[in-house]
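Q: compute the structure for the input listed below.
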Amino acid sequence: MEAVAVEYQSSDGLKLKGDHYGDPANPPLIFLHGGGQTRHSWGEAAVGVAKAGWHVINMDSRGHGESDWCPQTNYEVEAFVDDLKVVLNSLDTKPVIVGASKGGIVALAAACMDESLLRGIVLVDVTPRLEPAGVGRILDFMRAKSDGFDSLEEAADTIASYTKRERTKNLEGLRKNLRETPEGRFIWHWDPHLIGGEFQSSIQQRCLRLLDDAVDVTIPTLLVRGAQSDVVSAEGVEEFREAVKHAEYIDVAEASHMVAGDQNTVFSDAVIDFIERL
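A: Here you go, the predicted structure:
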C-alpha cells in the first residue's frame, strides 16, 4: 500500500508533515510517535491498520522527522496537542489516536482536555507515571551521539547495541530517521532542544498532573505495555487503571519500551482487535 504525503500548518506557522494510508472515506486513525522518533518508527503497523479498513494518518510531530523545528523551542505538551487539533479539524469524523511514549502523553492530554473530539485512544508503553531510570536511559542514548555518525553502518551498530536487537540490514530504511549534513555526517532527525533538562522536567511534571485529569476520561482506552519496559512499571499500570477503570490492558511479552518495533505483528493485531470493537 502506497503512502500519500500530507502537510498541515500549525497555529504558530510550522509545517507538519506525514503520510496517509487507505481510503479517506474510512474511519480515521492517527499515529503519534514517541520523542526522538519519526513516523517511520511504526513500521508496518500503519499499513496493517489501513488494510484492516481504516484511514491512517501517520504524522511527524514538531521538531521531529520532516516536520519543522520550532524556532521558539515550544515543545510543551499543549503545543503538541494544538498540532493534533489541526489534524482533527481537517477530519469529518472523530479519530482513534494511537500514541507511543510522548505521543501517548499527547493523546491522553487531548482526551483530558476535550474527549468529545476523539473516538478512542491507544497508549503504547506510557502512563502518567514514568520510571526515572528508564527515561534517563533513553535520554542518555539520545545525548550520546548528538554530533552524529560517520556512516549509516555506525548508526545501525549503535542502535542495535541500545535496543539489543539484531542489527538492521535495511540501511536505506534507517536513513529515514537521520539527516545527512553537508559534511556527510548523519545526525538524528529531531531538534536537540528536545533533550534539554528543563524541557524534560516540564514533561514529567505535566504527566503527573494528567493522572488527576484522567479520572474523567470515558472514551474507549487501551494501554499496551512492553513486558520488559523499564519506562512503565507494573505499579504505574495499576495506578493508571485505578484512575481509568474502563481501560483495557495488554502486556506484550518480549517487548521493551519500543513495543511496535520489538513485536510489530503482535502490536498491530492488538490494536486492530481493539479498534474493530469500537
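
Q: contacts, neighbours, all on C-alpha from now
A: Noted.

Q: so what does Phe31 have for phi and psi?
A: When read as degrees, to the nearest 10, the backbone of Phe31 gives phi -100, psi 130.

Q: just checking, it touches Met59?
A: Yes. Judged on C-alpha atoms under 8 Å, Phe31 makes contact with Met59 at a distance of 6.5 Å.

Q: shared neighbours, those two?
A: Counting by C-alpha atoms under 8 Å, 6 or more residues apart in numbering, the contacts common to Phe31 and Met59 are Arg39.

Q: with neighbour numbers in mind, choose between these two.
A: Met59 (28 against 24; other C-alpha atoms under 10 Å).

Q: residues touching the more buried one, list them.
A: Leu16, Lys17, Gly18, Asp19, Ile30, Phe31, Leu32, His33, Thr38, Arg39.

Q: the residue lying closest to Trp69 once chain neighbours are set aside: how many residues sit nearby?
A: Closest residue to Trp69 apart from its sequence neighbours, by C-alpha to C-alpha, 6 or more residues apart in numbering: Gly63 at 4.0 Å. Neighbour count for Gly63, taken as other C-alpha under 10 Å: 26.

Q: re the thing from before, closest to Glu180 among the contacts of Met59?
A: The closest of the contacts of Met59 to Glu180 turns out to be Thr38 (C-alpha to C-alpha; 15.4 Å).

Q: that closest one: how many residues sit nearby?
A: Residues lying near Thr38 (other C-alpha under 10 Å) number 26.

Q: from Thr73, how far off is Val81?
A: 15 Å (C-alpha to C-alpha, to the nearest Å).

Q: who has more neighbours, those two?
A: Val81 (19 against 14).

Q: tell me the SS of that one?
A: Secondary structure assignment for Val81 (DSSP: H, G, I helix; E, B strand; the rest coil): helix.

Q: doesn't Leu108 make contact with it?
A: No. Counting by C-alpha under 8 Å, Val81 does not reach Leu108; the two are 9.5 Å apart.

Q: against Asp125, how distant is Asp92?
A: From Asp92 to Asp125 the distance is 29 Å (C-alpha to C-alpha).

Q: ok, these two, which is more surrounded?
A: Taking other C-alpha under 10 Å, Asp92 and Asp125 do not tie; Asp125 has more neighbours (31 against 11).

Q: can you pull out the strands in the chain?
A: 4-9, 15-21, 28-32, 55-59, 96-100, 120-124, 178-180, 186-188, 221-226, 248-252 (DSSP state E).

Q: to Asp273, which of these lies closest?
A: That would be strand 221-226 among those, by C-alpha to C-alpha, at 10.7 Å.

Q: in stretch 64-83, which residues are buried?
A: Within stretch 64-83, the residues scored as buried using 16 or more other C-alpha atoms under 10 Å are 64-70, 74-75, 77, 79-83.

Q: of those, which pair is most distant in space?
A: Glu66 and Val77 (19.4 Å).

Q: tell me how many other residues crowd the residue nearest to Tyr162 when sequence neighbours are not counted.
A: Nearest residue to Tyr162 in three dimensions, chain neighbours excluded: Phe141, at 7.5 Å (C-alpha to C-alpha, 6+ apart). The number of residues packed near Phe141 is 13, by other C-alpha under 10 Å.

Q: done for today, thanks.
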